[in-house]
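Novice: Everything below, folded, please.
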Amino acid sequence: MKLFYIPNSCALAVHIAVHEADLDVELVPVDVTPAGKTAAGVDFLSINPKDKSPAVSVDGQILTETQVILQFLADRAPHRLAFPSDGWQRWRMLELLNFVTTELHRGFGPLFSPDIAPAHRAGLIAALMRNFALLEDTLGDQPFLTGEEFTVADAYAWTVMGWTAWFEFDLSPFPKLAAWRARVADRPAVRRALKEQGITG
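Specialist: Numbering: from 1, shown residues only. Predicted structure coming up:
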């Protein structure tokens with residue numbers, strides 16, 4: 001398996017999940033500039049025409065979209081990455097992954113634009129804060145978002161919440177999320193992924 005990634009992007013969630021699953025992976029960083037080249041000089045568009053990170057190459061196929069890749073990895077290593085196979089637990093997991101994608105991940109997108117208006121920026125941050133409150137309610141007193149076991153939903157939500165460090169967020173209203181973030185950060189797979197992507201702090 002090859003993982004094509006831009007450091008500290010949503011691809012970090014996939015990177016973490018790969019190590020949690022203990023799968024063999026070849027890491028292929030992609031240039032974040034418009035050139036969009038891999039470290040070997042290959043045009044990333046020739047690999048993923050969507051021009052988005054992450055992408056994985058496995059079994060002669062290219063798979064894209066973060067939450068789909070995460071589900072794929074969980075399916076490949078069910079003994080390492082818990083993912084309910086049926087019943088309401090499965091639907092709740094899919095609901096949570098979709099929430100992270102649409103309400104958290106997508107919510108950050110415009111904040112990265114240097115042209116964003118201050119009022120728009122403030123509105124986006126307020127919306128994300130409301131969604132962090134919902135995530136804290138989901139976590140409750142559990143160690144992880146869906147219960148006792150770490151899942152791909154934790155990897156994804158933790159990655160996205162890490163982007164708050166670049167913007168004006170006051171996360172003090174969310175002590176349970178703070179404890180969860182510290183708990184996830186201490187996992188060996190997370191520390192390994194951060195080191196391999198050269199992410200510190």
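
Novice: In contact with A82, which residues?
Specialist: Residues in contact with A82, defined by Cβ atoms under 8 Å, 6 or more residues apart in numbering, are A74, T146, E149, F150, T151. Backbone N, C-alpha and C define where each C-beta goes, glycine included.

Novice: and the fourth one, how many neighbours?
Specialist: Read that as F150. Neighbour count for F150, taken as other Cβ atoms under 10 Å: 24.

Novice: Skip the chain neighbours and tell me the closest residue to it.
Specialist: Nearest residue to F150, sequence neighbours excluded (Cβ to Cβ, 6 or more residues apart in numbering): F144, at 5.2 Å.

Novice: Dump the contacts of A82 into TSV; add distance to T164 as well.
Specialist: TSV is the format used below for the contacts of A82 (distance: Cβ to Cβ, whole Å):
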residue	distance to T164
A74	26
T146	22
E149	25
F150	21
T151	21
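
Novice: What subset of those residues is buried?
Specialist: Neighbour counting by 16 or more other Cβ atoms under 10 Å classes A74, T146, F150, T151 among these as buried.

Novice: In helices only, show me the residues you listed.
Specialist: Counted as lying in helices by DSSP state H, out of those, are A74.

Novice: Nearest to V56, out of the buried ones among the contacts of A82: which one, please.
Specialist: Minimum distance to V56 across the buried ones among the contacts of A82 is 13.3 Å, recorded for A74 (Cβ to Cβ).

Novice: Could you list which residues are in contact with that closest one?
Specialist: A74 makes contacts with A17, A21, L81, A82, F83, T151, V152, as judged by Cβ under 8 Å, 6+ apart.

Novice: circling back to that earlier point, which of the buried ones among the contacts of A82 lies closest to F4?
Specialist: Comparing these against F4 with Cβ to Cβ places A74 closest, at 19.6 Å.

Novice: Toward the C-terminus, what is the element adjacent to the helix ranked longest in the chain?
Specialist: Across the chain, the longest stretch assigned as helix under DSSP H is helix 118-139. With elements assigned by DSSP states H and E, the helix or strand that comes after helix 118-139 is helix 152-161.
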